[in-house]
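1. give me a model of this one.
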Amino acid sequence: MQSTFSILFYPKGSAVDKNGYAPLYARITVDTKRSEFSIKRKVLLTKWNPGAGKIRGTLTEARELNRYMTSIRARINKIQEQLSNNEVLVTADKIKYTYLGKNKNHKMLLEIFQEHNDKVDNLIGKDFAAGTAERYKTARKHVKDYILMEYNVKDIPVSDVDHKFISGLEYYLKTTRNCAHNTAIKYITNFKKIIRIAYANDWITKDPFTNWKPRLKIVDREFLTVGEIQTMVEKDLHTERLDQVKDIFIFCCFTGLAYSDVKKLSANNVVIGIDGGKWIKINRSKTDTRSNIPILPTAEAILEKYAENSELQKDHLLLPVLSNQKMNAYLKEIADLCKINKNLTFHLARHTFATTVTLSNGVPIESVSKMLGHKSLKTTQHYAKILDRKVSDDMLVLKDKLSNAFT
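-> Below you'll find the model as predicted:
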C-alpha cells in the first residue's frame, strides 16, 4: 500500500514573543502520523502566508528564509525517497531523526568493514586470494586503531567519515604506523572500498573520497645483473638449506614466478607447450590471471634436481619452498656470501626475470607481460623504464671514457 507523505511549515502561535515573532516548525506527516521539529528560525506572524507556507514580501530577509525552507523540504524529500527505496518501514519520526542526524539505526564503520572482510574470507579461492583477505584485515585494524587514538571510541558511524578523517588516517599511517607512502595509499584504497559500499547502500549521502586522489610514487625496483646471477649460480654454499633457497630463487629468476605461485607449483602445472618444450601454466594466486611460461634450461635443470625428492612427491609439489620469511632471511645470508650489495628479497627474482632475463634480451614487452600474468601492460612497462635508466647510466660511463680518451 502506498504511504501518504507531506511536509508543512508553520509558525507556532503559542510561542509568540513580545515583538510578534513566532518560531517556525516543520511538520512531517506519513500516513496521518506526525512528527515536528523547530527549524531554528522566527517569523513575524503578520508576514506569514499560511496558504503558501512561506513569508510574504520580496525583502532580502524574506527571500533568504523562503529559500532556507525550500532547501529543508528538498532534503526531507530525498531522505523519504532513500528510505522508501531501501524498502524499510518509513515513519515520520524516522525521517525527522535522519534529517536531524539522530537516527538510531546508524551503520557503524568497523561493523561494515568486518561484514565485508567476512565475505572476502568466504570467497578465498573463488573471487579473492588469501593475500587480499589479509590486506583487508590489516587495513581494518589500522582504521580501528586510528579511531581509538583520534576519537577515543571503539567505532564511529560511517556517516562521520569525511575528508578530514581520510587525511588524518593517511597521516597516522605514515607517522604512527611508519608506513611508506605507497603502503599507506594502498591501505586507504582498501578502506575506500568500504566507504563506496556504504554510499551504494545509501548509508551515507555523499562520498567523502570525492576530493581525495591517490598518488603512488614510482619506486625503482632492484634486480640482479647477469654477473650477479652467474655469481650466485656458481657459488658453493656451506649448507643444504642455503643451497635449496638459492636454487628456488634462481628458478624464479628464470620463470618470473612469485613466492605464492612457486610454493604451490606441482607437476600438473608443467605441460608440453606449442613448441614441443616444457611450459609452466599456472593461475597467479594474487590476481587469478593465467601465466604461461616456457621453461628455460636453467630452470629445467633445477626441477630435475628435485624430481626424486620423496617428501615433495608425497605433497605433489616440485620444489622445497620454505616460508617467505625464512626464504628472505636466508637470501640475506646468501647475498653476503656472494658479495651482492643489494637488498636481496624473494620478489627481486621476479624483477630480475622481467628485466635482465627477458626485456634486456629483446623479448617483446607484450610477451613478458603475459608470462608475468600482469592484467595491464602498464604494470610491465615500469620495468622498461628501469632499463631506460640503466641505458642512461651506461651511456654516462661511456661518455666519461670517451672524454678521457680524446683529451
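
2. CA only for contacts and neighbour counts going forward, please
-> Fine.

3. I'd like the average pLDDT over stretch 132-152.
-> Computed over stretch 132-152, the mean pLDDT rounds to 92.

4. show me how far it is from its chain's centre.
-> 13 Å (CA atoms, centre = their mean, to the nearest Å).

5. buried sites along it?
-> Thr132, Ala133, Tyr136, Lys137, Ala139, Arg140, His142, Val143, Lys144, Asp145, Tyr146, Ile147 (16 or more other CA atoms under 10 Å).

6. which residues touch the one helix or strand the second one maps to?
-> Secondary structure assigned from DSSP states H and E places Ala133 in helix 130-151. By CA atoms under 8 Å, 6 or more residues apart in numbering, the residues outside helix 130-151 that reach it are 110, 113-114, 117, 120-121, 124, 153-156, 169, 172-173, 187-188, 190-191, 286.

7. sec struct for the residue nearest to Val270 when sequence neighbours are not counted, please.
-> Of all residues not flanking Val270 in the chain, Ile280 sits nearest, at 4.7 Å (CA to CA, 6 or more residues apart in numbering). Classification of Ile280 by DSSP: H, G, I helix; E, B strand; the rest coil places it in strand.

8. same question for Asp202.
-> Going by three-state DSSP: Asp202 is coil.

9. surely it and Gln82 touch.
-> Yes. The pair Asp202 and Gln82 qualifies as a contact (CA atoms under 8 Å) at a distance of 6.9 Å.

10. distance of Ser167 from Asn190?
-> In this structure, Ser167 and Asn190 are 15 Å apart, going by CA to CA, to the nearest Å.

11. out of the two, which sits in the more crowded spot?
-> The neighbour count for Ser167 versus Asn190, taken as other CA atoms under 10 Å, is higher for Asn190 (18 against 12).

12. now could you export just the CA positions of the helix holding Ala133 as CSV?
-> As requested, the backbone C-alpha atoms of helix 130-151 are provided in CSV (Å, rounded to 0.1, in the frame of the first residue of the first chain):
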residue,chain,number,x,y,z
ALA,A,130,44.3,-15.2,0.7
GLY,A,131,46.7,-12.3,0.5
THR,A,132,43.9,-9.9,-0.5
ALA,A,133,41.9,-11.0,2.5
GLU,A,134,44.9,-10.5,4.8
ARG,A,135,45.4,-7.0,3.5
TYR,A,136,41.8,-6.1,4.2
LYS,A,137,42.1,-7.4,7.7
THR,A,138,45.3,-5.3,8.2
ALA,A,139,43.5,-2.2,6.8
ARG,A,140,40.6,-2.6,9.2
LYS,A,141,43.0,-3.0,12.1
HIS,A,142,44.7,0.3,11.1
VAL,A,143,41.4,2.1,10.9
LYS,A,144,40.3,0.6,14.2
ASP,A,145,43.5,1.8,15.9
TYR,A,146,43.2,5.2,14.4
ILE,A,147,39.6,5.7,15.6
LEU,A,148,40.6,4.7,19.1
MET,A,149,43.6,7.0,19.1
GLU,A,150,41.9,10.0,17.5
TYR,A,151,38.3,9.7,18.9
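
13. quick one, the very next helix or strand once past it and helix 130-151 angle?
-> Tracing the chain C-terminally past helix 130-151 and defining elements by DSSP H and E, one meets helix 163-175 next. In terms of direction (axes from the mean of the first three to the mean of the last three CA atoms, to 10 degrees), helix 163-175 departs from helix 130-151 by 110 degrees.
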